[in-house]
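> here is a sequence together with a model predicted from it:
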Number of protein chains: 2
Amino acid sequence: MKMKALVICAGLSLVAFACHGSEYPRFLSQMKTGLNGHYSTQVSCTSLGFGVEANNLSKWKTVPAACQEYVADYLLGDQYRSDSKTVCREAYFYAKTLKFTARDVFVFDIDDTTLSNLQYFANHGFGVEAHNATAFKIWVSFGEAFALPETLVLYNKLVGLGIKVVFITERPVDLKDVTISNLKEVGFHTWEKFIARDPAIYSGKLSNAFKTSERKKLVAEGYRIVGNIGDQWSDIVGEKKGFRTFKLPNPLYYD
Amino acid sequence: MKMKALVICAGLSLVAFACHGSEYPRFLSQMKTGLNGHYSTQVSCTSLGFGVEANNLSKWKTVPAACQEYVADYLLGDQYRSDSKTVCREAYFYAKTLKFTARDVFVFDIDDTTLSNLQYFANHGFGVEAHNATAFKIWVSFGEAFALPETLVLYNKLVGLGIKVVFITERPVDLKDVTISNLKEVGFHTWEKFIARDPAIYSGKLSNAFKTSERKKLVAEGYRIVGNIGDQWSDIVGEKKGFRTFKLPNPLYYD
């Protein structure tokens, strides 16, 4: 070090405590460790959220029981909608800059991107319970999901700009009709294509493999994917992912 | 909808209020909008953080003045270190699963991944001031940055496992010696390669172009990049990005 601290720092400071030979302050605590190296439940669960949303944690199965209240509070409070708005607004700002053609499309995922499954997950432990594919399919078959409101705003703005929307969803083809009814009922009225998962083609394939394959088909048909929005990283990584991608929050599950 | 709500919901509920014909509750407020559609500073700034960390916001220049206190509180409080720990721990859990060879390397970025520039940014508005390349270079030339403690833990564990570390940094070659002194002083003692930016080769190139080019050279030399950790998305996207990548938090700047 070129300049050594000449004095020993003492006392507490909320931000910075200048006690150093250079003009740069020393932080007494530098980076905090929490009491005995442990963090509060709120801090730990927020970090899990960061780990998930920044694509650091993969293949996790369920929300830890200690984070159930955190996840519920997040989804039912202001933060989830505000986070969603930040993403959707950025997607719109980007779309406005495009000189798009009739072959340009914006890809939307469905579950927890366009339609919310929050009512289902509220009755199934907010992600703490192991996923129950049968119960989830029954919920989807009701066609009662509400629109994610910020996604609906984005969708309407894109349609207003004249950009075509393509839905690509993990939902199986036998749920296509009820999904389309649900979409129309909550305000999504027009799209270029609606692509559901055909189990005959994609049996046993991961979500990302299915979505990448369908995007490549779109491009082979002459479409250009200018944007792509989803709540899972598997929606927005891989070949032909789109010129820009947008990650909506989802602390409930990993797909 | 197959089942219509039969009653009108009334009253307030913190979590869910069952007032629907099906077993699924209706949320009175569904997704909150904040008072008059606006959110508190805390909520808005947290959303900006989400936008940045999940790679939704790009090419932003400075932290909004309204978020300065939020950013300072985040970096100086428990959350920054807890978030960093979540990422570094996951990277270690991943590394432990590898059957690595002598050609396997783990790439580390330097600034705000390995060495912290927090002391500099605390004196320059916590990201609110426009970036001053001259002042920043002077700070780096002091060689006084402290180690990011969770990254140091990860580094020591990887070295203990026998995985080689490669540093790739945007810092120019004329700051290589002082950076190496700084690294050694704070606990980073060994590495396979230290790659600084050579302005003669990469003049005017974006950070990602430089880093991708250097990673491709590594692979051409026979190395296999098993992991890659950085605080900027430009560190961890592009060709030969590594089998798994890890994104540390950084709300201060976009590179």
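Received the coordinates, thanks.
> in what helix or strand does residue A:92 lie?
Applying DSSP states H and E as the criterion places residue A:92 in helix A:78-96.
> likewise residue A:228?
Secondary structure assigned from DSSP H and E places residue A:228 in strand A:224-230.
> that strand pairs with which strands?
strand A:104-108 (parallel), strand A:244-247 (parallel) (DSSP bridges).
> so for whichever helix or strand comes after the first one, what's the average pLDDT?
In other words, strand A:104-108. On the C-terminal side of strand A:104-108, the closest following helix or strand by DSSP H and E is strand A:115-116. Strand A:115-116 carries an average pLDDT of 98.
> pull the strand ranked longest in chain A out as CSV, backbone CA atoms only.
For chain A, the longest strand by residue count, based on DSSP state E, is strand A:164-172. Written as CSV, here are the backbone C-alpha positions of strand A:164-172 (Å, rounded to 0.1, in the frame of the first residue of the first chain):
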residue,chain,number,x,y,z
LYS,A,164,-46.8,-9.3,-33.4
VAL,A,165,-46.9,-11.5,-30.3
VAL,A,166,-46.1,-15.2,-30.2
PHE,A,167,-46.9,-17.2,-27.1
ILE,A,168,-44.7,-20.2,-26.3
THR,A,169,-45.9,-22.2,-23.3
GLU,A,170,-45.0,-25.4,-21.5
ARG,A,171,-48.7,-26.0,-21.1
PRO,A,172,-49.6,-29.2,-23.1
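> show me what secondary structure element comes after it.
helix A:176-185.
> show me which residues of that following helix are buried.
For helix A:176-185, a neighbour-count test (16 or more other Cβ atoms under 10 Å in any protein chain shown) marks A:176, A:178, A:179, A:180, A:182, A:183 as buried. Where you see a C-beta, it was placed from the backbone N, CA and C, and this is true even at glycine.
> now those residues as TSV including distance to residue A:134 and pLDDT?
Below are the buried residues of helix A:176-185 laid out as TSV (distance: Cβ to Cβ, whole Å; pLDDT from 0 to 100):
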residue	distance to residue A:134	pLDDT
A:176	19	98
A:178	16	98
A:179	18	98
A:180	22	98
A:182	19	98
A:183	23	98
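> possible to save these as JSON lines with distance to residue B:201?
Listed next are those as JSON lines, based on distance: Cβ to Cβ, whole Å:
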{"residue": "A:176", "distance to residue B:201": "53"}
{"residue": "A:178", "distance to residue B:201": "57"}
{"residue": "A:179", "distance to residue B:201": "52"}
{"residue": "A:180", "distance to residue B:201": "54"}
{"residue": "A:182", "distance to residue B:201": "55"}
{"residue": "A:183", "distance to residue B:201": "51"}
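> can you redo those as JSON lines with distance to chain B?
Output for those, formatted as JSON lines (distance: Cβ to the nearest Cβ, whole Å):
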{"residue": "A:176", "distance to chain B": "16"}
{"residue": "A:178", "distance to chain B": "9"}
{"residue": "A:179", "distance to chain B": "13"}
{"residue": "A:180", "distance to chain B": "13"}
{"residue": "A:182", "distance to chain B": "8"}
{"residue": "A:183", "distance to chain B": "12"}
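> and the residue of the stretch 151-255 of chain A closest to chain B?
Residue nearest to chain B within the stretch 151-255 of chain A: residue A:247 (4.3 Å; Cβ to the nearest Cβ).
> chain neighbours aside, what residue packs nearest to that residue?
Nearest non-adjacent residue to residue A:247, counting by Cβ to Cβ, 6 or more residues apart in numbering or on different chains: residue B:54, 4.3 Å away.
> mind listing what the one you found touches?
Each residue near residue B:54 by Cβ atoms under 8 Å, 6 or more residues apart in numbering or on different chains is listed here: A:53, A:54, A:55, A:87, A:247, A:249.
> which of those lies closest to residue B:217?
residue A:55 (25.6 Å; Cβ to Cβ).
> which other helices and strands contact the helix or strand encompassing residue A:134?
Residue A:134 belongs to helix A:133-142 when assigned by DSSP H and E. Applying 3 or more Cβ pairs under 8 Å, 6 or more residues apart in numbering or on different chains; DSSP states H and E, we find helix A:133-142 packed against helix A:118-122, helix A:176-185.
> quick revisit: so for residue B:224, which of the strands paired with strand A:224-230 sits nearest?
strand A:244-247 (26.9 Å).
> and that closest one, how far out from the chain middle?
Computed by Cα atoms, centre = their mean, to the nearest Å, the separation of strand A:244-247 from the middle of its chain amounts to 9 Å.
> count the residues that sit near the residue nearest to residue A:206 when sequence neighbours are not counted.
The shortest distance from residue A:206 to any non-neighbouring residue, by Cβ to Cβ, 6+ apart, is to residue A:234 (7.1 Å). Residues near residue A:234, counting by other Cβ atoms under 10 Å in any protein chain shown, number 20.
> ok so residue A:234 is a strand residue?
No - checked against DSSP: H, G, I helix; E, B strand; the rest coil, residue A:234 lies outside a strand; its state is helix.
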